[in-house]
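Colleague: what's the 3D shape of this:
(one chain, ligands or ions: 2)
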Amino acid sequence: MSELLSKATELDAADPLAALRSRFVLDDVVYLDGNSLGALPAGVAERLQDVVRREWGELRIRSWDESGWWTAPERIGDRIAPLVGAAPGQVVVGDSTSVNVFKALVAAVRIAREGDGAVERDEILVDATTFPTDGYIAESAARMTGCALRPVRPEEVPAALGPRTAAVLLNHVDYRSGRLFDLPGLTAAVHAVGAVAVWDLCHSAGALPVELDAHGVDLAVGCTYKFLNGGPGAPAYLYVRHGLQERFDTPLPGWNSHVEPFGMRPGYTPAAGAVRGRVGTPEILSLLALDAALDVWEGVDIAAVRRKSLALTDFFLECVARYVPEGAVECVTPLAHEERGSQIALRHERAGEVMRALTARGVVGDFRHPDVLRFGFTPLYVGFADTERAARTLAETLPA
Ligand SMILES: Cc1ncc(COP(=O)(O)O)c(C=O)c1O
Ligand SMILES: Nc1c(O)cccc1C(=O)C[C@H](N)C(=O)O
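Modeller: Ligands and ions are numbered 1, 2, ... in the order given. I've put the predicted structure just below:
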């Protein structure tokens, strides 16, 4: 047995989270794409069977009340809340991340302008390297609110902030490089100029502590199909901190966020609390699949998840350094722990081809245009032997 393989075996034996893997449906593939689509938690299929056959099939319309369908967006939001460091009543689940970015960003501009009417706030800052949907939505939100959109790199945000800044949309972890940004520091800088911060947590929630309440984050959004394992197309979530909920003026005031949805009133009066972030009828099937998926977090400490995530990514880098010839790939993920999310991104000019070959050999990561090999590490089900195998297979797969 190679030295790294025996090290992996020791690390797996000492891993306090190792048993969590049995909470998922997995095979012998090394699955390093949980930062795109999380694996299937074991209880989801059975729960969905029951939802479809009994709640829908037998109870039909009664399930809106009797099965708790109507309040599921807030109830499941409260299950996500502890994973992102939020007290209850601030997270609601529904719609896609893109739609929630739109709600949050337009509402952020409205809040910022209402705060100090004397100041003309007409600029939105957006992460220039963001996942494209956030940039597209920000461009439209800027046009709709009469703001200019200014794309800046996250590290340039403090210098770019000023009295005209209304809102800032940032990613906690960059989807391509896996770089973790300073959420507390950047949020404080945004607040110092009286602007509102919106964070996209897609690549951090479920992989590392987020602590939204502790850091005074205003608004946040995230998907649930990556590290939260909610399944393909699972609904996203929106966090609005308690102190801003009264002022959260949604640009999508659908009937589900009305104070009295079944009053069928012609005029809109928003409900209080997180419900204000809802729009239309909840996506019950995918919402309840997510509900079942969240059972895997029972008794799991997010700080332990972070410790394992860093240990896995450190070990992967160690194995890559040992197995892959020097200079064959370039790591674009920061080495410093405080700047690293839960993925390693390696640059290679034929990355697309390499990832196809790796996948064919049972190591699944993904390729991001134009030259990035992405390896996502989900601590709940990825182990150290998987990690060693991934690096060894990569070395065997790379073109000479
Ligand atoms: C940072 C980030 N934001 C948003 C999205 C996607 O948004 P949506 O859930 O609307 O597809 C992704 C990935 O798909 C992402 O990585
Ligand atoms: N949301 C996705 C989808 O519907 C299909 C394929 C991939 C995705 C993704 O999540 C991509 C992902 N956000 C990324 O970081 O690249």
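Colleague: Need the three-state assignment for residue 65.
Modeller: Following DSSP: H, G, I helix; E, B strand; the rest coil, the label given to residue 65 is helix.
Colleague: Relative to residue 272, how far out is it?
Modeller: 21 Å (CB to CB, to the nearest Å). All C-beta atoms are positioned from the backbone trio N, CA, C, and that covers glycine.
Colleague: same thing with residue 182?
Modeller: With the distance defined as CB to CB, residue 182 ends up 33 Å from residue 272.
Colleague: okay, the two: which has more neighbours?
Modeller: Between residue 182 and residue 272, counted using other CB atoms under 10 Å, residue 182 has the larger neighbour count: 18 against 10.
Colleague: what pLDDT does that one get?
Modeller: Listed pLDDT for residue 182 reads 97.
Colleague: For residue 312, give me its contacts.
Modeller: Applying CB atoms under 8 Å, 6 or more residues apart in numbering, one finds that residue 312 lies in contact with 377, 379, 382, 384, 387.
Colleague: And what about it, helix, strand or coil?
Modeller: Using three-state DSSP, the three-state assignment for residue 312 comes out as helix.
Colleague: what's the burial count for the nearest residue to residue 252 once chain neighbours are set aside?
Modeller: With sequence-adjacent residues excluded and distances taken as CB to CB, 6 or more residues apart in numbering, residue 252 is closest to residue 279, at 4.8 Å. Using other CB under 10 Å, residue 279 has 21 neighbouring residues.
Colleague: residue contacts, residue 279?
Modeller: 94, 95, 99, 103, 250, 252, 254, 256, 257.
Colleague: Take those residues and keep only those in helices.
Modeller: If you go by DSSP state H, the contacts of residue 279 have 99, 103 in helices.
Colleague: Return the members of the contacts of residue 279 classed as buried.
Modeller: Buried residues within the contacts of residue 279, counting neighbours by 16 or more other CB atoms under 10 Å: 94, 95, 99, 103, 250, 252, 256, 257.
Colleague: give the contact list for the residue of the stretch 151-300 of the chain at minimum distance from ligand 2.
Modeller: Residue of the stretch 151-300 of the chain nearest ligand 2, by CB to the nearest ligand atom: residue 175 (3.6 Å). Contacts here follow CB under 8 Å, 6+ apart; on that basis residue 175 touches 35, 131, 202, 203, 368.
Colleague: make it 7 Å
Modeller: The contact partners of residue 175, taken as CB atoms under 7 Å, 6 or more residues apart in numbering, are 131, 203.
Colleague: Check residue 158 too.
Modeller: Taking CB under 7 Å, 6+ apart as the test, what residue 158 contacts is residue 189.
Colleague: If we use 10 Å, what do you get?
Modeller: The contact partners of residue 158, taken as CB atoms under 10 Å, 6 or more residues apart in numbering, are 152, 182, 185, 186, 188, 189, 190, 192, 193.
Colleague: and it, what helix or strand is that in?
Modeller: For residue 158, the enclosing helix or strand under DSSP states H and E is helix 157-160.
Colleague: now check the following helix or strand past that helix, is it near ligand 1?
Modeller: Towards the C-terminus, the helix or strand next in line after helix 157-160, according to DSSP H and E, is strand 165-171. Yes. Strand 165-171 comes into contact with ligand 1 (CB under 6 Å from any ligand atom), by way of residue 171.
Colleague: Tell me which other helices or strands strand 165-171 touches.
Modeller: Contact here means 3 or more CB pairs under 10 Å, 6 or more residues apart in numbering; DSSP states H and E; on that basis strand 165-171 packs against helix 97-115, strand 123-127, helix 132-145, strand 148-152, helix 157-160, helix 183-192, strand 196-200, strand 219-222.
Colleague: If we use 6 Å, what do you get?
Modeller: helix 97-115, strand 123-127, strand 196-200 (3 or more CB pairs under 6 Å, 6 or more residues apart in numbering; DSSP states H and E).
Colleague: residue ranges of the helices in the stretch 301-400 of the chain, please?
Modeller: If DSSP state H, counting those that start in this stretch is used as the criterion, the helices of the stretch 301-400 of the chain fall at 302-323, 351-360, 384-397.
Colleague: Out of the ones you listed, flag the one nearest ligand 2.
Modeller: Ranking the helices of the stretch 301-400 of the chain by their distance to ligand 2 (criterion: CB to the nearest ligand atom) puts helix 351-360 first, at 12.7 Å.
Colleague: Please identify the buried residues of the closest one?
Modeller: Applying a neighbour-count criterion of 16+ other CB under 10 Å, the buried positions in helix 351-360 are 351, 352, 354, 355, 357, 358, 359.
Colleague: Show me what from the stretch 151-300 of the chain comes close to ligand 1.
Modeller: Counting by CB under 6 Å from any ligand atom, the stretch 151-300 of the chain comes close to ligand 1 at 171, 175, 200, 202, 203, 223, 236.
Colleague: Same list (those) but as JSON lines, adding pLDDT and distance to residue 316.
Modeller: Conversion of those to JSON lines gives the following (pLDDT from 0 to 100; distance: CB to CB, whole Å):
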{"residue": "171", "pLDDT": "98", "distance to residue 316": "22"}
{"residue": "175", "pLDDT": "98", "distance to residue 316": "18"}
{"residue": "200", "pLDDT": "98", "distance to residue 316": "25"}
{"residue": "202", "pLDDT": "98", "distance to residue 316": "21"}
{"residue": "203", "pLDDT": "98", "distance to residue 316": "17"}
{"residue": "223", "pLDDT": "98", "distance to residue 316": "24"}
{"residue": "236", "pLDDT": "99", "distance to residue 316": "28"}
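Colleague: Quick one: buried ones out of those residues?
Modeller: Taking 16+ other CB under 10 Å as the criterion, what is buried in these is 171, 175, 200, 202, 203, 223, 236.
Colleague: what's next to stretch 245-260, contact-wise?
Modeller: The list of residues contacting stretch 245-260 from outside it, by CB atoms under 6 Å, 6 or more residues apart in numbering, reads 103, 106-107, 110-111, 240, 261, 268-271, 273, 275-276, 278-280.
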